[in-house]
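J.: one predicted model, sequence on top.
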Amino acid sequence: MKNRLRLTLPLWALACVQLHAQQPTTSGGTTPPAESSQTAATGTTLLLGRIRSAGDGTPISGATIRVVGVDSNYTGQQGAITRADGTFTLQRPAQTSITGSITLEIRSIGFATKTLTVADTMTLVATTLQETETLQPTVQVTGIRRQRSVEDACCRVESLQEEVQQHAPFSPSVGEVLRRYSSCTSARISCAIDNSSSIRLRGLEPTYVKTLIDGMPVFSGLSTFYGLSLIPAGALQTIKISEGASSGLHGNGAVSGVVDLLLRQPTEISELNLTANLAGDGVSAPEGRDVGVGYTGMAGNVGIAAFGAFNQHHGDLDREAIARNYTRFSGVGRANIMADDATELTLTAIGAGESREGIVAGFSGQQPFRESVDLARYDLMLRGARSFTETSELSIAAMASGIHATHDAGELTASELEQKVMFGNILFRTELAGNNLTVGGEFRSDRMESEQRPDLAYDYSVGSLILQDELPLSEQVGLLGSVRLDNHSAAGSIISPRGSVRYQPTANLTMRLMAGRGFKGQALFDEHHLSVDGVYRWRNNTEFGFERSTTLNYDISYSFMLGETAGIDANFNAYWTAIDGKGIPQPDSLAAGTLFMVNSSRPTRLTGMELQIRPNIGEHLSGSVGLALIRYAMQDAAGSYQQLPLAPRANLDASVMYEDHEQGITAEAWGSWIGAQLLPSNPSNLAESPAYTMLNIRVEKAFGKLAIYAGAMNLLDQQQERTMPLAFETSNRAVDGSIVWGPIEGREFFAGLRWTLFGGEEGS
């Protein structure tokens, strides 16, 4: 495989902004060419390395490292020279090409020249050179394979790549890909019965995070909870995450951060891949079947990428509190067209259909309760980019998205819901007197219709103007500032300033300080799924105003080598967010069984810190330890701050991985300890949830282009239902499955294969 998974870590998305439009600076302080959708040069990363003699292991000083095979648009350092201890550093773009790698040529007098491929996700490399008398039968990178890259511009964006692609076969949807990594930043189950899920950052509600596909906002309303499952996991190239107030390029809803799901790009060499997976509890026939197929290649001058998936999973009431059954078909197709040397067009289409059914054993001697949801979605996205000079570019994007849901949870809640979203933006980027300027605008409309449930219908639009400037003061210091004007058809107009400063005193030490305002209009479907399920009625508040936030964020990153073959990445991140006008249910209406959201007059505060250490030892062993502490609280009538429900206050994540590329063996274990969470009102009268531990393992063996794998999720068999039921009857005889704080399923075993039918690399 081109990029092999090194370890599985929590999604510590560390501070800041600009997922796809940030322009880095070169070592000379100049601005690189404007990016296209394929190059996506959105920042820089630092590659640390050490070169030693293969004979006696002594460091090789004065060796030259040269980047080869790149065109004139390459914006990183072209080469480096090793120091007396054999080490070197090399600045390079965070994403160098659609293949996700660069090639290094290493030369030293008395040694054979060596070339090796370095993935974008690698930040530490240790390799050896053979003396000229010795034949070199193979070329191999023996260092550290990182699955995360960091865009080292004024604002930090963390990218997850290998873990996304390697775990896709046994993670049937994007939601499950995210859910299986972090105790703090992940996709969280919203309803245990219909298995809906949504993304959360820093413990905040899902409508405080802006979720994108290739930079376009396709998740809101119904798709907030039902959209993640309808994107095939195998179509993902990278997940980019930034926490805190986002840049001026991201507006309504970007309070806790932005998650951008980047789809896989076409490749110049045709490649066809097949994956198959079986999953179950290990004591009966496998109840889960997942099949995926993917093709990337060229058709003349047009790049083609197509991915499809079939997923079918069934539960069993004899062993589970709730049987969750679903059958899903999903597909993604895209075409990249270079109209000329300066113009690129990308067309993407997504289509999916899914049938879900949740079955709960009968309450009070009744027949089993059944809830079904039939889903269909489509997305059409078009992006065009035109470069005028090496430092100026005009980009235009347009999107049409729709999702249809037929929901049946009993006679009173049977309904059909239809949501349609339209989006378009235009951005112009250029360099002017040393400033990297971005100016543009966008428009988004969102409409929900339902004949059976007119109370859930809405229709709103947001128009925006954007101005952003990045100014490199020196090689060590950079500034970024942005301002955004938005007009929300329901909430009114708002201006949001944001800014950050980056200071890099040494090549392997970076500090950032960020501050910004965030906002969002009414929290569409933050609580609506309870109305869809019939737990509450819904009444729209036409007077609902903006929820406004202010975020301060500081992080510091440090990378260094220990001895000859060990390296460590460390990061500390601290943040503070104030939310004013937070949307809450009006108490009197809630007591009457109706959700009527109002802006609270009491402030809400979020404070937290994240610490992560990622060591790499020798050629084969790597690991990670991450700690997060969060306090998410709202002021009460007495003026003191009280913790809000379902926000973990302490989380500890860890992983370890062994990889032997020559033998084609990968083994990993990863897990999380999730601290207690305050619970909302529940039938078990629990004030807070007990802490629990998730542990997962996986082993894989490659035989050329065929790899087989097996593993177990939730190895300790943790289950929320042992403490509190996953579903319960309410006073109005509705069934509520929304109080989900822990695992909804027990231990699961899986096994499968991934097979590159043609293309790719031998031995992958």
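T.: Thanks, I have the structure now.
J.: for the residue nearest the centre of the chain, pull up the helix or strand it's in.
T.: Among the residues of the chain, the one closest to the centroid is I239, at 3.7 Å (CA atoms, centre = their mean). Using DSSP states H and E, the element containing I239 is strand 236-243.
J.: and the chain, what are its domains?
T.: As given by automatic domain parsing, the domain ranges for the chain are 44-151, 156-758.
J.: before we move on, the earlier item: apart from its chain neighbours, what residue comes closest to the residue nearest to the centre of the chain?
T.: Spatial nearest neighbour of I239, excluding adjacent residues (CB to CB, 6 or more residues apart in numbering): L160 at 4.6 Å. Any C-beta I mention is one placed from the backbone N, CA and C, and that applies to glycine too.
J.: who's the one you found bridged to?
T.: Counting by DSSP bridges, L160 forms beta bridges with R148, I239.
J.: for burial, what's the neighbour tally of it?
T.: 23 (other CB atoms under 10 Å).
J.: you'd agree it is up against L236?
T.: No - contact criterion CB atoms under 8 Å: L160 and L236 do not qualify, at 9.2 Å.
J.: and the spatially closest residue to G410 that is not a sequence neighbour, helix, strand or coil?
T.: Leaving aside its chain neighbours, G410 sits nearest to G534 (6.4 Å; criterion: CB to CB, 6+ apart). When classified by DSSP: H, G, I helix; E, B strand; the rest coil, G534 comes out as coil.
J.: surely G534 is in contact with G737?
T.: No - look at G534 against G737 with CB under 8 Å: they stay out of range, at 11.5 Å.
J.: which element is W755 on?
T.: Taking DSSP H and E as the definition, one finds W755 inside strand 748-758.
J.: partners of that strand, with directions?
T.: Per DSSP bridges, strand 748-758 is paired in its sheet with strand 271-280 (antiparallel), strand 706-713 (antiparallel).
J.: could I get those strands as JSON lines with distance to D260?
T.: As requested, those are exported to JSON lines (distance: least, CB to CB, whole Å):
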{"stretch": "strand 271-280", "distance to D260": "23"}
{"stretch": "strand 706-713", "distance to D260": "26"}
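J.: adding mean pLDDT, write those out as TSV.
T.: As requested, the strands paired with strand 748-758 are exported to TSV (pLDDT from 0 to 100):
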stretch	mean pLDDT
strand 271-280	95
strand 706-713	95
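J.: in a markdown table: the ones you listed, plus mean neighbour count and distance to N540.
T.: Formatted as a markdown table, the strands paired with strand 748-758 follow (neighbours: other CB atoms under 10 Å; distance: least, CB to CB, whole Å):
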| stretch | mean neighbour count | distance to N540 |
| --- | --- | --- |
| strand 271-280 | 19 | 41 |
| strand 706-713 | 18 | 40 |
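J.: coming back round to it: give me the mean pLDDT for the strand holding W755.
T.: Predicted confidence along strand 748-758 averages 94 (mean pLDDT).
J.: how far out from the middle of the chain is that strand?
T.: With CA atoms, centre = their mean, to the nearest Å as the basis, strand 748-758 stands 23 Å off its chain's centre.
J.: contacting residues around that strand?
T.: For strand 748-758, contacts defined as CB atoms under 8 Å, 6 or more residues apart in numbering pick out 169-170, 270-282, 288, 290, 705-714, 764.
J.: for the stretch 551-700 of the chain, what spans make up the helices?
T.: 587-591 (DSSP state H, counting those that start in this stretch).
J.: start to end distance for stretch 232-247?
T.: One end of stretch 232-247 to the other measures 28 Å (CA to CA, to the nearest Å).
J.: which residues touch Y554?
T.: Y554 neighbours (CB under 8 Å, 6+ apart): 15, 511-514, 573-575.
J.: go again with 10 Å.
T.: Listed by CB atoms under 10 Å, 6 or more residues apart in numbering, the contact set of Y554 reads 15, 511-515, 572-576, 609.
J.: same deal with R484?
T.: 246-252, 254, 441-442, 464-468, 494-498, 516-517, 519.
J.: buried subset of those residues as a PyMOL selection?
T.: Selection of buried members from those for PyMOL, criterion 16 or more other CB atoms under 10 Å:
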select buried, resi 246+247+248+249+250+251+252+254+442+464+466+468+494+496+498+516+517+519
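J.: distance between the ends of stretch 111-120?
T.: End to end - CA to CA - stretch 111-120 spans 27 Å.
J.: any idea how far that stretch is from the middle of the chain?
T.: With CA atoms, centre = their mean, you get 30 Å for stretch 111-120.
J.: pull out the buried positions in it.
T.: 111-112, 114, 116-120.
J.: go on, stretch 116-134?
T.: By neighbour count on 16+ other CB under 10 Å, the buried set for stretch 116-134 is 116-130.
J.: closest to I584 among those?
T.: T121 (41.3 Å; CB to CB).
J.: check what pLDDT that closest one gets.
T.: Model confidence at T121 (pLDDT) stands at 62.
J.: by mean pLDDT, show me the worst of the domains of the chain.
T.: Mean pLDDT per stretch puts domain 44-151 lowest among those, at a mean of 69.
J.: just to revisit the earlier point, okay, G534 and G737: which has more neighbours?
T.: G737 (28 against 22).
J.: could you measure from the more buried one over to M399?
T.: 32 Å (CB to CB, to the nearest Å).
J.: same check on G675?
T.: Distance from G675 to M399, by CB to CB: 39 Å.
J.: before we move on, what about T430?
T.: 25 Å.
J.: now swap in A676 and tell me
T.: For A676, the distance to M399 - CB to CB - is 41 Å.
J.: C-terminal to the longest strand along the chain, what's the next element?
T.: The residue-count maximum for a strand in the chain (DSSP state E) belongs to strand 369-389. As assigned by DSSP H and E, the chain's next helix or strand after strand 369-389 is strand 392-408.
J.: pull that next one out as CSV, backbone CA atoms only.
T.: Extracted C-alpha coordinates of strand 392-408, given in CSV (Å, rounded to 0.1, in the frame of the first residue of the first chain):
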residue,chain,number,x,y,z
SER,A,392,-3.4,34.6,-8.4
GLU,A,393,-6.3,32.3,-8.8
LEU,A,394,-10.1,32.5,-9.2
SER,A,395,-12.2,29.6,-8.0
ILE,A,396,-15.9,28.9,-8.3
ALA,A,397,-17.9,26.2,-6.6
ALA,A,398,-21.5,25.1,-6.8
MET,A,399,-23.5,22.4,-5.2
ALA,A,400,-27.0,20.9,-5.2
SER,A,401,-27.8,18.4,-2.5
GLY,A,402,-31.0,16.6,-1.4
ILE,A,403,-32.0,14.0,1.1
HIS,A,404,-35.3,12.2,1.4
ALA,A,405,-36.4,10.4,4.6
THR,A,406,-39.4,8.2,5.2
HIS,A,407,-39.8,7.8,8.9
ASP,A,408,-42.2,5.5,10.8
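J.: just the angle for that strand relative to strand 369-389, thanks.
T.: 170 degrees (axes from the mean of the first three to the mean of the last three CA atoms, to 10 degrees).
J.: Q718 in helix, strand or coil?
T.: Following three-state DSSP, the label given to Q718 is coil.
J.: having no further points to raise, I will conclude here.
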